[in-house]
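> Prediction below, plus the sequence it came from.
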Amino acid sequence: MMVGPPDFSHDKHPDFKSIKLAAGSGSTPPSVLEWLARDPDRKVHPAVRYWLTRNSSTPPDALERLAQDTDGLARHGVAGNSSTPPSTLERLAQDSEGYVRSEVAGNRNTPPSTLATLAQDSEEDVRHLVARNPACPSATLGQLAHDPDNGVRRRVAGHPDCPPSALERLAQDPDGLVRSEVAGNRNTPPSALGKLARDPVEYVRIGVARHIKTPPGDLERLLRDPRTAEVAVNNPSLPAATRAMWQLTQH
């Protein structure tokens, strides 16, 4: 039967530094990490437990145990660990501490259903991290496209999996930075790019001038704008004849 570690509860212990290094090292044997995590009598210093929680080599069973720690920093570490099992992340998504839920929101292992729940979190930081999570489902991104926070909508507009329907909506967003993200998103439909080609904000129009899906007619419009012409003329979607005519006018 495996017993817990000796008393490493204070940082004056002669082996404290080496134990802390071992707790955070990917080369430490999993059995040693499991041994350090088995700490019913709180003999391990919180800093050591925190490094355990951040170590992707820490075994899932040990992370599950550490996810129940009374120390919020330990739960925070587990929530951000790439080796934490989805079932553990589901439970941590209900943590009372926002900084723990934020780590769950940004973890690629977090189940889609849990991300959908966190997309409704009362804390903006949590919703921000859901919106930037590469694993965030398109349906959840569509939901977050209605978020009251500008920063969340910017994350949605720049997400590579943002659905075209959400980008259509965000192309009309009152925040210029949101519209700029839409102009640069590969999923943005030509109809939305056509609207953005008339945007009052210069950097939005520049993004449209660069986009491969911008319709030729809108690229021609952007050619007539001295602030976007140099970008539009290099867009592969611009007809060669139009490019040649424009270049003739520059001499």
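Sure, I can see it. No experiment lies behind these values; they were computed from the predicted model shown.
> Distance of residue 201 relative to residue 180?
Distance of residue 201 to residue 180, given as CB to CB, to the nearest Å: 7 Å. To be clear about C-beta, it is placed using only N, CA and C from the backbone, and glycine gets the same treatment.
> Which one's more surrounded, those two?
Neighbour count, other CB atoms under 10 Å: between residue 201 and residue 180, residue 180 has more, with 24 against 15.
> Contacts only, for that one.
Applying CB atoms under 8 Å, 6 or more residues apart in numbering, we find residue 180 in contact with 201, 203, 204, 207.
> Drop the exposed ones from those residues and show what's left.
Using 16 or more other CB atoms under 10 Å as the burial test, these include 204, 207 as buried.
> Throw the contacts of residue 180 into a markdown table and include secondary structure, pLDDT and distance to residue 92, thanks.
Formatted as a markdown table, those follow (DSSP: H, G, I helix; E, B strand; the rest coil; pLDDT from 0 to 100; distance: CB to CB, whole Å):
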| residue | secondary structure | pLDDT | distance to residue 92 |
| --- | --- | --- | --- |
| 201 | coil | 98 | 40 |
| 203 | helix | 97 | 39 |
| 204 | helix | 98 | 38 |
| 207 | helix | 98 | 37 |
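> returning to that earlier point: now the common contact residues for residue 201 and residue 180.
With CB under 8 Å, 6+ apart, residue 201 and residue 180 have no common neighbours.
> right, and out of the contacts of residue 180, which lies closest to residue 88?
Taking CB to CB as the measure, residue 88 lies nearest residue 207 of the contacts of residue 180, at 40.0 Å.
> ok, that closest one touching residue 196?
Yes: the pair residue 207 / residue 196 is scored as a contact, 7.5 Å apart, by CB atoms under 8 Å.
> so what sits against both of those two?
residue 183.
> which intervals of this structure have sub-threshold pLDDT?
The chain contains residues with pLDDT under 70 at 1-16, 39-44, 251.
> Apply 50 and report the result again.
Applying pLDDT under 50 to the chain flags residues 1-14, 40-41.
> Let's check: the centremost residue of it is which one?
In the chain, the residue lying closest to the centroid (CA atoms, centre = their mean) is residue 132, at 2.7 Å.
> Report the contact partners of that one.
Residues near residue 132 by CB under 8 Å, 6+ apart: 106, 155, 159.
> all helices of the stretch 1-150 of the chain, in order?
Per DSSP state H, counting those that start in this stretch, the stretch 1-150 of the chain carries helices over the ranges 16-24, 30-37, 46-54, 60-66, 72-80, 86-92, 98-106, 112-118, 124-132, 138-144, 150-158.
> Among those, which comes closest to residue 189?
Across these, closest to residue 189 is helix 150-158 (CB to CB), at 13.3 Å.
> Just the C-alphas of that closest one, formatted as PDB.
Taking C-alpha atoms only, helix 150-158 is exported to PDB below (Å, rounded to 0.1, in the frame of the first residue of the first chain):
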ATOM      1  CA  ASN A 150     -16.900  43.700 -27.000                       C
ATOM      2  CA  GLY A 151     -13.800  41.600 -26.200                       C
ATOM      3  CA  VAL A 152     -15.700  38.300 -26.200                       C
ATOM      4  CA  ARG A 153     -17.200  39.200 -29.600                       C
ATOM      5  CA  ARG A 154     -13.800  40.000 -31.000                       C
ATOM      6  CA  ARG A 155     -12.600  36.600 -29.900                       C
ATOM      7  CA  VAL A 156     -15.500  35.000 -31.600                       C
ATOM      8  CA  ALA A 157     -15.000  37.000 -34.800                       C
ATOM      9  CA  GLY A 158     -11.400  35.900 -35.000                       C
END
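> Numbering from 853 from now on, please.
Okay, using 853 as the starting number, the last item reads as helix 1002-1010.
> Residues in contact with the helix or strand just after it: which ones?
Next helix or strand after helix 1002-1010 toward the C-terminus (DSSP states H and E): helix 1016-1022. Contact partners of helix 1016-1022, identified using CB under 8 Å, 6+ apart, comprise 990, 993-994, 997-998, 1005, 1008-1009, 1014, 1030-1031, 1033-1034, 1037, 1039-1041, 1043-1044.
> That concludes my questions; thank you for your assistance.
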